[in-house]
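Peer 1: Below are the sequence and a predicted model; questions follow.
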Amino acid sequence: MIQQVSSNLKKHIEPILVDKLLEHYAVIKRNYRLMKHETAELNGSKFSEVVFRILENKTSKDAKYTPLDHEIKKFADRCRSFEQLPKADAVDDTLRIHIPRTLILLVDVRNKRAIGHISGIHSPNLLDSTLIVHCADWILAELIRLYHGCSTDEAQSIVDQIIQIDIPLVADVGSTKRVLRLDLKFPDQVLALLLNESPKKVSDRVLYDWTEHSNFTVFKRDVLNRLHKARKIEYSKNKCQILPPGIHDIENKIKK
C-alpha cells in the first residue's frame, strides 16, 4: 500500500519530500505499535517539518520550499502564515488552514508536554502518542485525497486502510510486558519484546516471565538458544539483545 501511496503522491509533490514524509510516518506507526511512545512523538515533530515543506512546495508559485538541511525557525508563526494566502489563488483550505493548524498542535505537544527531554511535570504517555498517530493518519489521508493520482474509489480504499486504528503490539502492565498478538509463537514473542526494549538487553528470566512459558529450561533451549544460533538475537551471560536479522523477521510478521 505504501508503495502505491508513494507513486501517486510523487506525481504531484516533490519526490524527496514524499520519501521523507512516508519514512517518518512509518516510524511513527511502527513505534506506536511497539508502544515506544517517546520515539513516536519525537518523529511526530520530524513528520510535521516535512509536511510544512510540502505545504510550501504546493502553495508557492515557484514550488520552492525550505531545504531539508535548513532549520524552520518560528515554526508556529510560519504555519499561521499559510492562512494569509489569498483565497483567489485556489489553494485548498486543507492546505491553507487545517493542516497548518494540525502541525502547530503536533509540534506544541513535543515542546510543551516535555517529550524528548526530562521534566518533573509531564512524561511521554499513550494519550500523547495516540494524538500524534491519528493526526499523522489524518494529514496523510488528506494529502492522498488531494493528490491521489488514481481513481476516487482507489484513493478512498487507501485512506480507509491508513486511518484504521493501530493496536499496540506490546503492552506495559506494571513491571511486566505482554505481547498482544495471540498468534505469535514464543520465538516471535521474544523478538517482539526485545525489539520493544531495544537497544537494551533483557535477562532470560525476565523474557521467560513475560512470555509465560511453562518451563524455563525448555524456554532457554528451544527458544533463546535457537534464536541465538539463527543470529536473530545475541544470548550470552543470561542476557538477550535483538540483532538485525531478528528485527527484519519480526517486522515482517508485524505487517501481516
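Peer 2: Structure's in. What do you need? Numbers count the residues shown, from 1 in each chain.
Peer 1: any idea where the helices of the protein begin and end?
Peer 2: 2-9, 15-33, 37-59, 75-80, 93, 99-112, 126-147, 152-162, 186-197, 204-211, 216-218, 225-229, 244-255 (DSSP state H).
Peer 1: where does this structure have its least confident helix or strand?
Peer 2: Lowest by mean pLDDT, DSSP states H and E among the helices and strands of the chain is helix 152-162, with a mean of 75.
Peer 1: Tell me which other helices or strands it touches.
Peer 2: Contacts defined by 3 or more CB pairs under 8 Å, 6 or more residues apart in numbering; DSSP states H and E place helix 152-162 against helix 2-9, helix 126-147. Yep, even glycine has a C-beta here, placed from its N, CA and C like the rest.
Peer 1: and that helix, how far from the chain's centre?
Peer 2: 20 Å (CA atoms, centre = their mean, to the nearest Å).
Peer 1: which other residues reach it?
Peer 2: Identification of contacts with helix 152-162 by CB atoms under 8 Å, 6 or more residues apart in numbering yields 1, 4, 5, 8, 137, 140, 141, 144, 145, 148.
Peer 1: Just list the residues touching the spatially most central residue of the chain, thanks.
Peer 2: Per CA atoms, centre = their mean, the C-alpha nearest to the average position across the chain is that of residue 28, at 1.1 Å. Contact analysis of residue 28 by CB under 8 Å, 6+ apart lists 40, 43, 44, 47, 132, 133, 136.
Peer 1: ok, how many other residues are close to the fifth one?
Peer 2: The reference is to residue 132. Neighbour count of residue 132, defined by other CB atoms under 10 Å: 27.
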